[in-house]
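Enquirer: build me a model from this:
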Amino acid sequence: NVYRITHGSAGVSVDEVSRLPEGFIPSAASGSGSTIYIHGTDGEVNKLYSFSTGSGRWTELSGCPAGRRSEGSIFARQHNGHQEAFYLMGGRDISDGIATVYKDVWQYTPLDDKWEHKGDIIPQGDESPVSVMAAQAVPYGSGHIILIGGDDGVELQHRLALEAHIKSETNLARKDSLQKVLTVAFTSHAGFSNDILAYHVITNTWI
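Expert: From the prediction side, this is the model:
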């Protein structure tokens, strides 16, 4: 379901205004005026819809042509010097207990309903791409998108590997030992990153 939350003199009201398109599982969204662009998945493919908060109308657009990403993607709006664009960054997909962690950036332009690959997330001074999942994204100034926090997926992949090992282990003592290691991996998690990344959409650079 889709709800509208409003705050007025009488307090907060919550009203159901629509339902998601059949089969669509949203994972990230960003607004532009009275239109919300929502990226997600339907089965094995990426999907993108726009939702008009005025008319309640859903419009199916072109989904990102990259690999399916069902969780943790960052989706933010910024002007690219020519037109308004949206940027899908990072995220992950988990299938059969295996995580695919993404380190790329894709630009979507609503005017022509097209996607363009913008390369990987490589902060200044780093030699290799980094993954960012579930960070908060804030448009800043005339060309930046600020990414705050998020997760790099390293501990996630470690936990998934432990879970797969536990599932396949037949020796009860070793299974119990691995389960304790998994519990520690959860309870000792240091939390999300305290890093802040800035992406400049016009120069396609990161700091």
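
Enquirer: off-centre distance for stretch 88-97?
Expert: On the basis of C-alpha atoms, centre = their mean, to the nearest Å, stretch 88-97 sits 8 Å off its chain's mean C-alpha point.

Enquirer: for that stretch, which positions count as buried?
Expert: L88, M89, G90, G91, R92, D93 (16 or more other C-beta atoms under 10 Å). Any C-beta I mention is one placed from the backbone N, CA and C, and that applies to glycine too.

Enquirer: not counting sequence-adjacent ones, nearest residue to A135?
Expert: Nearest residue to A135, sequence neighbours excluded (C-beta to C-beta, 6 or more residues apart in numbering): G150, at 2.9 Å.

Enquirer: list the contacts of the one you found.
Expert: Shown in contact with G150 (C-beta atoms under 8 Å, 6 or more residues apart in numbering): G72, I74, G90, V132, M133, A134, A135, Q136, F192, S193, D195.

Enquirer: what's the answer for F186, then?
Expert: So F186 contacts R159 (C-beta under 8 Å, 6+ apart).

Enquirer: can you tell me the SS state at D93?
Expert: Assigned with DSSP: H, G, I helix; E, B strand; the rest coil, D93 falls in the strand class.

Enquirer: show me what it is bridged to.
Expert: Legend: beta-bridge partners of D93 under DSSP bridges are T100.

Enquirer: going forward, the N-terminal residue is numbered 855.
Expert: With the count now opening at 855, the last piece we talked about shows up as D947.

Enquirer: so it makes contact with S924?
Expert: Yes. With contact defined as C-beta atoms under 8 Å, D947 counts as touching S924 (5.0 Å).

Enquirer: identify the residue nearest the spatially most central residue of the chain in space, chain neighbours excluded?
Expert: Taking C-alpha atoms, centre = their mean as the criterion, S927 is the residue nearest the geometric centre of the chain, at 1.1 Å. Closest residue in space to S927, ignoring its immediate chain neighbours: G945 at 3.0 Å, by C-beta to C-beta, 6+ apart.

Enquirer: state the distance from that neighbour to R1013.
Expert: With distances taken as C-beta to C-beta, to the nearest Å, G945 is found 18 Å from R1013.

Enquirer: where do the helices sit along the protein?
Expert: Assigned by DSSP state H, the chain shows helices spanning 1008-1022, 1026-1041.

Enquirer: buried deepest among those helices, which one?
Expert: Ranked by mean neighbour count, the helices of the chain are led by helix 1008-1022 with a mean of 14 (mean count of other C-beta atoms under 10 Å).

Enquirer: which helices and strands does that one pack with?
Expert: Applying 3 or more C-beta pairs under 8 Å, 6 or more residues apart in numbering; DSSP states H and E, one finds that helix 1008-1022 contacts strand 952-955, helix 1026-1041.

Enquirer: got the CA positions of that helix in CSV?
Expert: Coordinates of the C-alpha atoms in helix 1008-1022 are reproduced here as CSV (Å, rounded to 0.1, in the frame of the first residue of the first chain):
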residue,chain,number,x,y,z
VAL,A,1008,32.0,-6.9,3.8
GLU,A,1009,30.5,-8.1,7.1
LEU,A,1010,27.3,-9.0,5.2
GLN,A,1011,29.1,-11.4,2.9
HIS,A,1012,31.0,-12.9,5.9
ARG,A,1013,27.7,-13.6,7.7
LEU,A,1014,26.1,-15.1,4.5
ALA,A,1015,29.1,-17.4,4.1
LEU,A,1016,28.8,-18.5,7.7
GLU,A,1017,25.1,-19.2,7.3
ALA,A,1018,25.8,-21.3,4.1
HIS,A,1019,28.5,-23.2,6.0
ILE,A,1020,26.1,-23.9,8.9
LYS,A,1021,23.4,-25.1,6.6
SER,A,1022,25.7,-27.6,4.9
